[in-house]
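[1] Predicted structure and sequence below. I'll ask about it afterward.
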Amino acid sequence: MSNPFEPKIVAFLCNWCSYAGADLAGVSRSQYPPNIRVVRVMCTGRIDPVLILEAFASGIDGVFIGG
Amino acid sequence: MREYATTLPNVVVADRNLFTCSQDTQEKIKEYIREYDLNRVVVASCTPRTHEPLFRETLRQGGLNKYTFEMANIRDQCSWVHMHEPEKATEKAKDLVRSAVAKARLIQPLADISVPVNHNGLVIGGGVAGMVSALDLAEQGVKTYLVESAGKLGGQALKLYATYQGDRVQPYVEDLIDTVNRHPLIHVYLNTTIQDASGFVGNFTSTLVDKQGKETQLDHGAIIIATGGKPYEPEEYLYGKDPNVLLSLELDQEFIRGSDRLNHTKCAVFIQCVGSRIPERPYCSKACCTHSIQSALTLKKLNPEMNIYILYRDIRTFGEKERLYTEARARGILFIRYDPEDPPKVEKENARLTVTVTDHVLQRPLQISPNMIILATAVVPHDTRSLSKLYKVSTTPEGFFLEAHMKLRPVDFATDGMFLAGLCHFPKPIEESIAQAKAAAARAATILAKESIDMEPIVSVVDEDNCNGCGICERVCPYGAMHLIEINGLITARSTPASCKGCGLCAASCPSKAVDMCHFSQHQIRAQICALA
């Protein structure tokens, strides 16, 4: 049986809302797939489009922005 | 994980602890800093949102700059959310630690930004909570602006007869209004609302507008919001259609006036939970069980022959107030429990009121013909939307203001320098509003008493040599922290750190990459991303 494709996703999360939401998911023990790697930013306004391209260029399969 | 961490570039020592936030681990971190001459520290544990300040303080005590610290969130955002996939979770934790170390290698020591504090206080709402807050601030020597939208001070307390201990409210409120009006440090603005607001902790500016449209601009360092609440006015139970159907506070006003009709009332029915604990307003209004029972006792004292019925869902005379419930039953006041699915019916025929209620013990309808019906209606907030927009503070779905944390940060808003008290927060009896008002004043004083406050230096910096003065940053900045200036004939952007909130919109928008963010720099974020790939 071959291994199914598992994407690696970088998530840019705003410190004041979705990063707090991701913490709350933990405190609530909500379960979700372990494909996401969080990068904390103070606001999604910080996310230079270059950073998104940088992620894809370095081999990341998906980018998630929460804010 | 520990072994993996030691393989990462620049990591000279890694250790594991049962509780990294415990006192002895803090000491251990300080020892490691000395022993290995460390200049960066990474903690892989819970979330920086709760624990970053603690570890920063440990670094400071260990002799390092507190901003040379980084955290990997491997609990809240990893082990707790992937409990059934331990191997994959461990792989993810390794990635997160690698990413944190990659950022830690690039972070720079930073100095807090010191901002001077304006020592004046602003209190919005001139009810009991607002007046007590204003008076407590003024007594500490704080010049205090008290803004009230109505034409007089006092709020709902002007309609309240007595506290649950039987003390008359009116003499207290009159005395409080008088003291507030005479206090040299309190400036009262009646018939006035807030039109505009800007600034941040220690340095707010609010624009007031009165009924004639006259604007006044005030600078202040902290804000207490105490805009109060009011009773819900029901459509049901013939309220507004029959003069003998009253709200709890309307009965109080009859007590205050010494109304003669109370002496001729032979039978009174109180209906509890009117508009409370229903899907639109799921909360309990907290003060109404005690209030109705106390009013029933007052009626019984005026006229011991009066028949009094209290129709309720649950009696919530909490704490010492239980004494009133016991006394009411001893004095022959009858309590009838009703089912919210089958609430009491109020009808009027030939000028006669009839209440029909199904008694839950008898399982049969009872009919009562009272001369007076008193409705204990929900407490609802005054309009909180405009202030919530102006000062960017949150409200609950029911429109009450939301404090930062009901247990750990009572009376604080999530926004620094803003506090709340009284009914705008939730329904509560007067003594709790007063306690909350005093707490809010004490909290506001912790800011107003300081000469300056330290702010996190997560702010924009401009590389003026690279800036071509296009002005995009000035246009996108939501906080007015970016301005174009002219130096030696060249236009360049200049950041005002005290106004900057660290959102980074300027850095992301700068076409020449001349703007960057301290502690969230382009290089640091890139390093994090590359470490994850």
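    Sure thing, it's come through.

[2] Against which helices or strands is the lowest-mean-pLDDT helix or strand in chain A packed?
    Least confident element among the helices and strands of chain A, by mean pLDDT, DSSP states H and E: helix A:18-27 (a mean of 94). Using 3 or more Cβ pairs under 8 Å, 6 or more residues apart in numbering or on different chains; DSSP states H and E, the elements in contact with helix A:18-27 are strand A:9-14, strand A:36-41, strand A:62-66, helix B:48-61. Where C-beta positions appear, they are placed from N, C-alpha and C, glycine not excepted.

[3] Do you know the pLDDT at the most far-flung residue of chain B relative to its centre?
    The C-alpha centroid of chain B is most remote from B:Asn350, which lies 49.7 Å away (Cα atoms, centre = their mean). For B:Asn350, the pLDDT comes out at 90.

[4] Distance check, it against chain A.
    Distance, B:Asn350 to chain A, using Cβ to the nearest Cβ, to the nearest Å: 59 Å.

[5] One more: B:Gln272?
    B:Gln272 is 34 Å from chain A, by Cβ to the nearest Cβ.

[6] Am I right that that residue falls within a strand?
    Yes. Under DSSP: H, G, I helix; E, B strand; the rest coil, B:Gln272 sits within a strand.

[7] State the distance from the closest residue to it other than its chain neighbours to chain A.
    Excluding its sequence neighbours, the residue lying closest to B:Gln272 (Cβ to Cβ, 6 or more residues apart in numbering or on different chains) is B:Tyr312, at 4.2 Å. Separation of B:Tyr312 from chain A (Cβ to the nearest Cβ): 35 Å.

[8] thought B:Tyr312 was touching B:Asp339?
    No. Between B:Tyr312 and B:Asp339 there is no contact under Cβ atoms under 8 Å: 11.1 Å.

[9] More neighbours: those two, which one.
    B:Tyr312 (20 against 10; other Cβ atoms under 10 Å in any protein chain shown).

[10] what does chain A put close to chain B?
    A:8, A:10, A:15, A:19-20, A:22-23, A:25-27, A:29-34, A:37-43, A:45-51, A:54-55, A:58-60 (Cβ under 8 Å from any Cβ of the partner chain).

[11] Narrow those to those that are buried.
    A:8, A:10, A:15, A:19, A:22-23, A:25-26, A:34, A:37-43, A:45-48, A:51, A:54-55, A:60 (16 or more other Cβ atoms under 10 Å in any protein chain shown).

[12] residue ranges with poor pLDDT in the stretch 151-300 of chain B?
    Judged against pLDDT under 70, the stretch 151-300 of chain B has no low-scoring part.

[13] need the contact list for the residue of it found nearest chain A.
    Ranked by Cβ to the nearest Cβ, the top residue of the stretch 151-300 of chain B for proximity to chain A is B:Phe200, at 14.4 Å. Residues near B:Phe200 by Cβ atoms under 8 Å, 6 or more residues apart in numbering or on different chains: B:416-417, B:498-499, B:501.

[14] Could you write out the alpha-carbon coordinates of the host helix or strand of B:Ala444 in PDB?
    In the assignment (DSSP states H and E), B:Ala444 maps to helix B:430-448. C-alpha atoms of helix B:430-448 as PDB (Å, rounded to 0.1, in the frame of the first residue of the first chain):
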ATOM      1  CA  ILE B 430     -26.400  47.900  43.400                       C
ATOM      2  CA  GLU B 431     -23.800  46.800  46.000                       C
ATOM      3  CA  GLU B 432     -22.000  44.800  43.300                       C
ATOM      4  CA  SER B 433     -22.000  47.800  40.900                       C
ATOM      5  CA  ILE B 434     -20.400  49.900  43.600                       C
ATOM      6  CA  ALA B 435     -17.700  47.200  44.300                       C
ATOM      7  CA  GLN B 436     -17.000  46.900  40.600                       C
ATOM      8  CA  ALA B 437     -16.800  50.700  40.200                       C
ATOM      9  CA  LYS B 438     -14.300  50.900  43.000                       C
ATOM     10  CA  ALA B 439     -12.300  48.100  41.400                       C
ATOM     11  CA  ALA B 440     -12.300  49.800  38.000                       C
ATOM     12  CA  ALA B 441     -11.100  53.100  39.600                       C
ATOM     13  CA  ALA B 442      -8.300  51.300  41.400                       C
ATOM     14  CA  ARG B 443      -7.300  49.600  38.100                       C
ATOM     15  CA  ALA B 444      -7.400  52.800  36.200                       C
ATOM     16  CA  ALA B 445      -5.300  54.500  38.900                       C
ATOM     17  CA  THR B 446      -2.500  51.900  38.300                       C
ATOM     18  CA  ILE B 447      -2.100  53.600  34.900                       C
ATOM     19  CA  LEU B 448      -2.900  57.200  35.800                       C
END
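
[15] Show me what it is in contact with.
    B:117, B:119-121, B:127-134, B:136-137, B:140, B:142, B:157, B:160, B:163-164, B:169, B:201-202, B:221-224, B:226, B:410-412, B:417, B:419-423, B:425, B:428, B:453.

[16] All set, thanks.
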